[in-house]
Structures are given as structure tokens and as C-alpha cells.
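Q: Okay, predicted coordinates and the sequence, questions at the end:
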Amino acid sequence: MGPIELLHMSVFSQRFSPCGRFLAAGNNYGEIALFSLTAALSPEATNLSQKPVLTFTAHEGPVYSLLSTDSQLLSAGNGEISCWNWSDLIKRNPKAIWTRRPNYKTSLEIPEINAMALSPKDNSLIVGGGDNNIYIMDLESGVFKSVLEGHSDYIHCLTVREREGEILSGGEDGAVRIWDSRTAQPVHCIEVYKYQECARPQLGRWISCLTTDSDWLLCGGGPSLSLWHLRSMSPTSVFPISGCQRQAMFYQDMILSTGEGPYLYHSLLGGKVKAQIPCTSPSLNTLALNVHPSEPRVLTLGGSSDHIDVFTNLSYRAFSLCF
Amino acid sequence: MGAVTDDEVIRKRLLIDGDGAGDDRRINVLLKSFIKWSNSTSTPEEGNIQYQRMLGTLSQCDFSMGKTLLVYDMNLKEMENYEKIYKDIEQNISTAHDKIAECKKEIQRAKRIRKNRQEYDALAKVIQQHPDRHETMKQLEALDKELQQLSRIKDNVEDKLELRKKQFHVLLSTIQELQQTLEIDEKSETDDTQESSMESGD
């Protein structure tokens, strides 16, 4: 990796391993790097321990999305999904167990896969990407069970509402659609840009971040980051964050969000932004929190640089891992 | 075994009084002077003086031995004291650990409560935007009353209309009957006059 390539690198996705000791990060060159957190956090960490223990090329195009199950890492890039065993990766043996591709209608151009989500109830993988459709695949058999069509533009983000068994998807067309996962039918459609308090027409209507807490939904992107109550389908708080948020997460009693602008925002559910913490990358794409019970709680942020910031205390940056 | 203990003894003795100044030297001097005194052939006065000197050194040795015994006792007591303090501190540490764990649990609970409170606040904000239920109920009741009144008026008007229609109907039908009876009468009159003219013409 020459210095120019490092300069142009963007980290698009990250996931922690099921044991909580390793972090996998995917970048725009199609590579996945595995970092050892125990080495980086140990008292005798050196500069070398902040480099990856393994870097391998997973896809031809950028790795936009990573997902981790109990023993496997799923990565998605240019239209295909590959599966890797965590135990193989920890032993530095990157060999894909399988690589599958949803049955795209057009065979001319292969749409990229932007988001993946896992539905543990029926052990299925949900992918959404550039061809405006959401594909549901059964993880055991590998068969693509159903297609959810309805978005009029490509899909940015997916999340699953486990209690009700629903899939939520947000896309470039500004609509957050709620689908029932068993019957594969659309249940609701929320067009966020139509609500005065959230809409920011000067930035657009696209929704790039979606996360849910079963009763509450956080969505943002072009419109401001807003908290919605799903039962009444009404926006309850709007967060005054100027950049377009790309990833948000509920954590204990606050909301962590990142996006455009080199900051991690801590906000309260009432709509107040409590803290704005600077990070190294000029714009952040992905946020990952390690909630493994026996490993130290660590938050990592990656974005449009080759550095991944590691926060051991959620309020400040401890150090950075680099590719 | 014998060699080890000898070494230990030598080491201990060197540690305690290696340089020869002090108690060891005093005992050696005492012994030498005792031997010299018992073999001396000098005057009894000098012998007495030497005897007194020896008693002095002996009492000095006694004194220093007493001192070291007291120091030893003191050390033992200090050790006990330190043991006690050590145990106290250990206990404090473990209670502090327990308190920390409790406080951590408390913090988790408090965070959950705070999250719930914020959720309620957020919902309350939305609810406030909608109009009050009592007001809406009152409005509904008023509208209901108006509706009832209007329907009563409508019924009244309809009844009146029916009545007038029926009256007109009765009026018109009686007029028609009268007309018909008049016509019949006229016809019967003309029939009568025709008959009577026909009869008179015969």
C-alpha cells in the first residue's frame, strides 16, 4: 500500500469478532484487515500492535458492509456476499467458505450491496443494495427466499426489529419502509422529508442511517437525525446536528452518532446534543461498539482515512489503528 | 548440617557485630581481663581496681543485653500491630470493592431510568401537540346537541308539510267530487229537459 493509496483510503465497515478480541474493517480497495484489540489495548502496546494482524483482499470492489454472526464474518461488496470463518481468519488463513450472489433481475450491471442485516429468529440474512430491492437469504441453505420490492431508489441501510419480526430499510428515495419479514409484505412507509421539523431540503431527502430499539427508531441522512416513536409513527425529537449522519446507535441512555464532519456526537433522547468529540478522519462512515461482557468496552470509528480511532472511554479518543 | 549451622552462626554474628566494636569486644576484653586478673601477681589494691573494672564491664554487658531484650519485645509488639493494621486495610479494600460493584449497578439502573424518562418526555411532547381530550369531547357533545336539534326541527317541518299536503289533497278531492256531482246534476237536468221536450213534441 503506497502512501497515495493510504491517503485515498476510506473505511466503510467494521465488525467485532464474537470473542470480542478482534476487529475486522473493510475499506474501499476491497480489503479486509483484522486488528487484534487485545494487543493494541495491552499495557505493552507498541506502534506495531496498531497495525493489522492480517490484511486480505476480499472483493473486487469496496467492502461496503460487514456482518458478524456467532462464528462467521459476512462481507459484501460488488454484488456478492462472501462468508469467512472467524477461526480461520484468526489463524491468518483467509479462505472464503462460500460466495453467493442474489438473483438480480438485470445481468448487465451488478448492483453493489450497501447494507446487510441479520434476523436471528429465522436465521436469515437480509441484504439491500443498488437495485432498489431487498433480498432475504436463508443462512443454512443459502437459498434466496424472497425479494422485497418497493423502493424507488437504492437502499442505504437496513435494520431489523426483532420483537415484531420486521425489517426496516432506508434509501436514497427518502422513504423508510417497514416490511414484515414472514410474509414479505410492506407494512408502513414513512417519508421523512415530508415532515417539516426534520426535513432539510437543502441537503436532500436520502436516509443513510437507520437504527431501532424496538419501540423507537433513529433515522437521518439528508433530513436531520430524528427519533421516531414507531407505535404512533411520529417524530418525537430532532437532533440539531449539522452534518448528515451515516451511522447511529443506541447505547444505555444516550445516542451515539457519526457522519459528515470529524465528530462523534453524544446525544440524549430528548434531543439535546451532549458532547461532540473530535476524531482523526475528516468524515466518518462507521461506528462499532464492543459490548462483549468480558472484554473491555471499546468504541471504534472509521471513515475517510486509513485510521480507525479507538475510544476506550466513550468521551475521548485513546489511539488510532491504521491500515 | 553442621556446616550449614556454622555458616548461619557466622553470618548472624557478622551481621550483628561484624566490626568488633561493641558487645563482642566487651566480652572478649572481660574474659581477657578476668584471666589476667586471676593470674595476676600484683598488689591487692590493683587487683581490687581490676576487679571493680571487671564488675563494671559485666554490668555494662548486662545492661546492653537488657536493652536488646526490650527492643526484641518491642519489635514483636510492632509486628502484631502491623498485622492488625494490614488485616483492617484488607477488609477495607474488599468492602470498597463491593461498594464499587454496587455503585456500578446503581449507575446502570439510573441510566435505564433516565432513558425511560427521556422516552416519556419525548412522547409527552408529541402528545402535547394534539388538542386536549376534554375539549374535543366538549366539542363533540356540542355538535351532537346541535345535530339533535336540527333533526328535531327537520322532523317538525316534515310533519307540517305532510299535514298541509293531506289537507290540500282533501280539499282538491272534495272540489273534484263537487265538480263531478255538479256535472252529473247538469247532465241529468239536460236529459230531463230533452225527455220532457220529446214527450211534449209527441
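A: Good, I have the coordinates.

Q: what's in contact with the helix-or-strand element of chain B with minimal mean pLDDT?
A: Among the secondary structure pieces of chain B, namely its helices and strands, helix B:2-17 has the lowest mean (mean pLDDT, DSSP states H and E), a mean of 77. The set of residues external to helix B:2-17 that reach it, using Cβ atoms under 8 Å, 6 or more residues apart in numbering or on different chains, is B:23-24. Where C-beta positions appear, they are placed from N, C-alpha and C, glycine not excepted.

Q: sec struct for A:Glu44, please.
A: Following DSSP: H, G, I helix; E, B strand; the rest coil, A:Glu44 is assigned to coil.

Q: That one: neighbouring residues, count only.
A: When counting by other Cβ atoms under 10 Å in any protein chain shown, one arrives at 6 neighbours for A:Glu44.

Q: cool, and the one 10 residues further on?
A: Other residues near A:Leu54 come to 17 when the count uses other Cβ under 10 Å.

Q: Pretty sure A:Ala25 is one of the things it touches, is it not?
A: No. Counting by Cβ atoms under 8 Å, A:Leu54 stays clear of A:Ala25, with 11.3 Å between them.

Q: Does stretch A:302-320 reach chain B?
A: No. Stretch A:302-320 stays clear of chain B (Cβ under 8 Å from any Cβ of the partner chain), getting no nearer than 12.4 Å.

Q: what is the mean pLDDT for that stretch?
A: Across stretch A:302-320, pLDDT averages out at 88.

Q: Check the offset of that stretch from the chain's centre.
A: Counting by Cα atoms, centre = their mean, to the nearest Å, stretch A:302-320 is centred 16 Å from the centre of its parent chain.

Q: Flag every buried residue along that stretch.
A: Judged by neighbour count using 16 or more other Cβ atoms under 10 Å in any protein chain shown, the buried positions of stretch A:302-320 are A:302-311, A:314, A:317, A:319-320.

Q: Looking at those residues, which is nearest chain B?
A: Nearest to chain B, judged by Cβ to the nearest Cβ, of the buried residues of stretch A:302-320 is A:Leu314 at 12.4 Å.

Q: Show the pLDDT at the residue lying closest to the closest one once chain neighbours are set aside.
A: The shortest distance from A:Leu314 to any non-neighbouring residue, by Cβ to Cβ, 6 or more residues apart in numbering or on different chains, is to A:Leu299 (5.8 Å). What the model reports for A:Leu299 is a pLDDT of 91.

Q: List the contacts of A:Leu299.
A: Taking Cβ under 8 Å, 6+ apart, we find A:Leu299 in contact with A:256, A:264, A:287-290, A:310-311, A:314.

Q: Overlap in contacts, A:Leu54 and A:Ala25.
A: Both A:Leu54 and A:Ala25 are in contact with A:Ala33, where contact means Cβ under 8 Å, 6+ apart.

Q: and the stretch 101-250 of chain A, which of its residues are near chain B?
A: Residues of the stretch 101-250 of chain A lying near chain B by Cβ under 8 Å from any Cβ: A:215-216, A:227, A:229, A:232, A:234-237.

Q: mind checking the backbone torsions on A:Phe56?
A: Per-residue torsions, A:Phe56: phi -140, psi 160 (degrees, to the nearest 10).

Q: Can you give me the neighbour number for it?
A: By the measure other Cβ under 10 Å, the count of residues near A:Phe56 is 17.

Q: Tell me the predicted confidence for the closest residue to it other than its chain neighbours.
A: Take A:Phe56 and drop its neighbours on the chain: the residue closest to it by Cβ to Cβ, 6+ apart is A:Pro94, 3.9 Å away. Model confidence at A:Pro94, given as pLDDT, is 85.

Q: Quick one: the strands in the stretch 151-300 of chain A, in order.
A: Listed in chain order, the strands of the stretch 151-300 of chain A (DSSP state E, counting those that start in this stretch) span A:155-161, A:166-171, A:175-180, A:185-191, A:207-212, A:216-221, A:226-229, A:234-238, A:245-251, A:254-259, A:263-268, A:273-278, A:284-290, A:298-303.

Q: Now the fifth one: buried residues?
A: Right, the one you point to is strand A:207-212. By neighbour count on 16+ other Cβ under 10 Å, the buried set for strand A:207-212 is A:207-212.

Q: Pull the most distant pair out of these.
A: Pairwise distances among the buried residues of strand A:207-212 were taken by Cβ to Cβ; the largest, 15.1 Å, belongs to A:Ser208 and A:Thr212.

Q: and residue 88, what pLDDT?
A: Because you didn't say which chain, this covers chain A. Looking at A:Asp88, its pLDDT stands at 89.

Q: let's do chain B instead
A: Model confidence at B:Asp88, given as pLDDT, is 97.

Q: Against chain B, how distant is the residue nearest to A:Phe56?
A: When distance is defined by Cβ to the nearest Cβ, to the nearest Å, A:Pro94 is 39 Å away from chain B.

Q: which residues pair with A:Ser237 across the strands?
A: A:Leu227 (DSSP bridges).

Q: Run through the helices of chain A in chain order.
A: Applying DSSP state H to chain A gives helices spanning A:3-7, A:37-41, A:86-90.

Q: Could you report the neighbour count for residue 48?
A: Using chain A. Counted with other Cβ under 10 Å, A:Leu48 comes out at 9.

Q: wrong one, I was asking about chain B
A: B:Asn48 sits with 10 neighbouring residues when counted by other Cβ under 10 Å.

Q: got it, and the one 4 residues further on?
A: If you count neighbours by other Cβ under 10 Å, B:Gln52 ends up with 10.

Q: Contacts only, for the closest residue to A:Met249 other than its chain neighbours.
A: Leaving aside its chain neighbours, A:Met249 sits nearest to A:Leu256 (5.0 Å; criterion: Cβ to Cβ, 6+ apart). Taking Cβ under 8 Å, 6+ apart as the contact definition, A:Leu256 lies against A:248-249, A:264-266, A:287, A:289, A:299, A:314.
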